[in-house]
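Enquirer: Provided below for reference: sequence and predicted model.
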Amino acid sequence: MPPALAAAACVCLIATLIFLDREKARVSLALMIPILWLSICASRTVGQWVAGKVGSEASSAEFEQGDTFDAYVFSGLVILGLGVLVKRRRRVAKVLRANGPLLLFFSYCAVSICWSDFPLTAFKRWIKAVGDLSMVLIVLTDPRPRAALRRFLVWPGFVLVPLSILLIKYYPQLGRGWSDWTGEAYNLGVATGKNGLGYVCLVFGLGAIWCILTTLRRGFQKSSLRPLLANATLLLLVFWAFRLADSATSLGCFFIGGTVMLLASRPAMRRNRVLIHSMVATSLLLVMVGLFLDPAIGLTEAVGRDSSLTGRTRIWDEVLPLTVNPVFGAGYESFWLGPRLDKIWLENGQHINQAHNGYLEVYLDLGLVGLVLVLIVLIVGYRNAMQTIRRTPNLGSLQLAFVVVALIYNLTEHAFRDLHPVWIMFLLAVVSIPLELRQEFE
């Protein structure tokens, strides 16, 4: 098939999926702000799309400063988002009052800018993190929150997943990348890195599963056939894209998250929370044992990786001695900057900019204090999800799945950071919603 014809077919498919998924419930037009935000975070920045960039290789100075045009785009979306939240201040205030631990973490991140060696860069990145939270609040405070959540979880996927397959198959100069060191080719799709296509499939695949389950749970209706067809098609495309992605972490998290979501929504599981606790604990234990405690059992080899987790353990050994302050860290998102970054690049021989472990990254940037705060947010988020499952199973099963995914994903990747889709879904999962608003999600 000629590339132009394939592109036309892709556009028709995207339009058809969005048309089929429409609902009678009208959501606020403001929902397009977080949908656009998530679409950019899960793919490439506007500047990268305009320039036709595939990779993200840059000097340490460029990595520190970022792109000015993209800064304007994100700033504009943040301002628009905050404007929406001001108009909804009563609903927003109710949600914020129920989320003390999360606000404490964001406040500590802001304070840590004071001891960063690069306070301006840290402040810019903190503003983007506030933008992530703002987008989640726009979705959760929508006048039609259930319909808004459905669209937020799958509409970007309707665009990004088919487009990824199109770019890989017909526009390899945009959809594929090559390692500067080994020359090995890998598939990127709409993303900028090797693991990017993986988290696109992870996030929107779980979104499709949740939409299918919630539609079926409401009982069979003629009007439900269209959204079921749309989300089932997206799920099939996700499986296709997963085959192209070669992302073991995202694939493993997808199956674990999907299983948790499916089982947690069952009436028998909801009535006996011990079963849910056991399921989550077993999943975490198997992953921890297979990756760290006893790699010899072959879990890493089974997913196509080696016992060093594709060089991750070596990176961890290199960056730990460079810890700036074990208690307070280097400052928010400040470790991988300046002379430290140059030193790591020189010694490692590769332009890495993360340690591929979210917990280690939090420790390097925010110290033990930040790590404790993240763990508190995780624990509180898990508790809130368990409480929500009892009264609002549709919402609770989604929250629990993304909390578990974040727990596991950050063992081998860094997703506790601004603009990362898994981080945005984590915020969506841990934000505690007051009971009076929670009922609107059914």
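Expert: Structure received. It should be emphasised that the depicted structure is a prediction, and the values quoted were computed from it without experimental measurement.
Enquirer: how about the strands in the stretch 51-200 of the chain?
Expert: Along the stretch 51-200 of the chain, counting by DSSP state E, counting those that start in this stretch, strands occupy 176-178, 185-187.
Enquirer: Would you mind giving those strands as JSON lines with mean neighbour count added?
Expert: Yep, even glycine has a C-beta here, placed from its N, CA and C like the rest. Converted to JSON lines, the strands of the stretch 51-200 of the chain look like this (neighbours: other C-beta atoms under 10 Å):
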{"stretch": "strand 176-178", "mean neighbour count": "17"}
{"stretch": "strand 185-187", "mean neighbour count": "17"}
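Enquirer: Looking at the ones you listed, spot the one closest to Ala268.
Expert: Nearest to Ala268 among the strands of the stretch 51-200 of the chain is strand 185-187; the distance by C-beta to C-beta comes to 40.2 Å.
Enquirer: Packing partners of that closest one?
Expert: strand 176-178 (3 or more C-beta pairs under 8 Å, 6 or more residues apart in numbering; DSSP states H and E).
Enquirer: Report the strands that pair with the strand it packs on, each with its relative direction.
Expert: Strand 176-178 has the following sheet partners, assigned by DSSP bridges: strand 185-187 (antiparallel).
Enquirer: starting at the chain centroid, how far to the strand it pairs with?
Expert: In terms of C-alpha atoms, centre = their mean, to the nearest Å, the centre of strand 185-187 is found 22 Å from the chain centre.
Enquirer: what comes into contact with it?
Expert: Residues outside strand 185-187 that contact it (C-beta atoms under 8 Å, 6 or more residues apart in numbering) are 168, 175-179, 194, 197, 244-246.
Enquirer: May I see the strands of the stretch 51-200 of the chain organised as a markdown table, with distance to Leu160 and mean pLDDT added?
Expert: Below are these laid out as a markdown table (distance: least, C-beta to C-beta, whole Å; pLDDT from 0 to 100):
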| stretch | distance to Leu160 | mean pLDDT |
| --- | --- | --- |
| strand 176-178 | 16 | 83 |
| strand 185-187 | 14 | 85 |
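Enquirer: would you turn the ones you listed into JSON lines with distance to Ile138?
Expert: As requested, the strands of the stretch 51-200 of the chain are arranged in JSON lines below (distance: least, C-beta to C-beta, whole Å):
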{"stretch": "strand 176-178", "distance to Ile138": "33"}
{"stretch": "strand 185-187", "distance to Ile138": "32"}
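Enquirer: nearest to Val404, of those?
Expert: Within those, the stretch nearest Val404 is strand 185-187; the backing value is 26.6 Å (C-beta to C-beta).
Enquirer: And the spatially closest residue to Leu320 that is not a sequence neighbour, how close does it get to Ile389?
Expert: If the residues on either side of it in the chain are set aside, Leu320 comes closest to Leu360, at 7.7 Å by C-beta to C-beta, 6 or more residues apart in numbering. Here the criterion is C-beta to C-beta, to the nearest Å. By it, Leu360 lies 31 Å from Ile389.
Enquirer: Phe242 too?
Expert: Using C-beta to C-beta, which is the criterion applied here, Phe242 is 27 Å from Ile389.
Enquirer: wait, what's in contact with Leu137?
Expert: The contact partners of Leu137, by C-beta under 8 Å, 6+ apart, come to 85, 92, 95, 431.
Enquirer: tell me which element the residue nearest to Leu320 falls in.
Expert: Under the criterion DSSP states H and E, the helix or strand holding Leu360 is helix 358-391.
Enquirer: Surely Pro156 is in contact with Ile35?
Expert: Yes - with the criterion set as C-beta atoms under 8 Å, Pro156 and Ile35 qualify as a contacting pair; they are 6.0 Å apart.
Enquirer: who has more neighbours, the two?
Expert: For Pro156 against Ile35, the residue with the higher neighbour count under other C-beta atoms under 10 Å is Pro156, and the figures read 25 against 21.
Enquirer: State the distance from the residue lying closest to that one once chain neighbours are set aside to Met288.
Expert: Counting by C-beta to C-beta, 6+ apart, Ser39 is the residue found nearest to Pro156 once chain neighbours are left out, at 4.3 Å. Ser39 sits 33 Å away from Met288, going by C-beta to C-beta.
Enquirer: Report the buried residues of stretch 2-16.
Expert: Residues 7, 10, 13-14 are the ones in stretch 2-16 that count as buried (16 or more other C-beta atoms under 10 Å).
Enquirer: Using JSON lines, please lay out these together with pLDDT.
Expert: What follows is the buried residues of stretch 2-16, written out as JSON lines (pLDDT from 0 to 100):
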{"residue": "Ala7", "pLDDT": "95"}
{"residue": "Cys10", "pLDDT": "96"}
{"residue": "Leu13", "pLDDT": "96"}
{"residue": "Ile14", "pLDDT": "97"}
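Enquirer: out of those residues, who's nearest Gly396?
Expert: Of all the buried residues of stretch 2-16, Gly396 sits closest to Ile14, with 30.8 Å by C-beta to C-beta.
Enquirer: From Leu419, how far out is that closest one?
Expert: Separation of Ile14 from Leu419 (C-beta to C-beta): 23 Å.
Enquirer: Same drill for Ser39 and Met288, tell me which one is more crowded.
Expert: Set side by side, Ser39 and Met288 show unequal neighbour counts under other C-beta under 10 Å, the larger going to Ser39 at 17 against 13.
Enquirer: What is the subsequent helix or strand relative to the helix or strand of the chain with the lowest mean pLDDT?
Expert: For the chain, counting by mean pLDDT, DSSP states H and E, helix 299-302 ranks last in confidence among helices and strands (a mean of 48). In the C-terminal direction, the helix or strand that comes right after helix 299-302 (DSSP H and E) is helix 312-319.
Enquirer: Show me what the helix or strand following that next one is packed up against.
Expert: Counting by DSSP H and E, the next helix or strand C-terminal to helix 312-319 is helix 338-348. Contacts of helix 338-348 with other secondary structure elements, assessed using 3+ C-beta pairs under 8 Å, 6+ apart, are made with helix 60-65, helix 312-319.
Enquirer: Just the CA atoms of helix 338-348, as PDB, please.
Expert: Taking Å, rounded to 0.1, in the frame of the first residue of the first chain, the C-alpha atoms of helix 338-348 are listed here in PDB:
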ATOM      1  CA  GLY A 338      25.400  20.300  34.800                       C
ATOM      2  CA  PRO A 339      28.800  18.700  35.700                       C
ATOM      3  CA  ARG A 340      27.200  15.600  37.100                       C
ATOM      4  CA  LEU A 341      25.500  14.900  33.800                       C
ATOM      5  CA  ASP A 342      28.700  15.500  31.900                       C
ATOM      6  CA  LYS A 343      30.600  13.200  34.200                       C
ATOM      7  CA  ILE A 344      28.100  10.400  33.800                       C
ATOM      8  CA  TRP A 345      28.100  10.800  30.000                       C
ATOM      9  CA  LEU A 346      31.800  10.700  29.900                       C
ATOM     10  CA  GLU A 347      32.200   7.600  32.100                       C
ATOM     11  CA  ASN A 348      29.200   5.700  30.700                       C
END
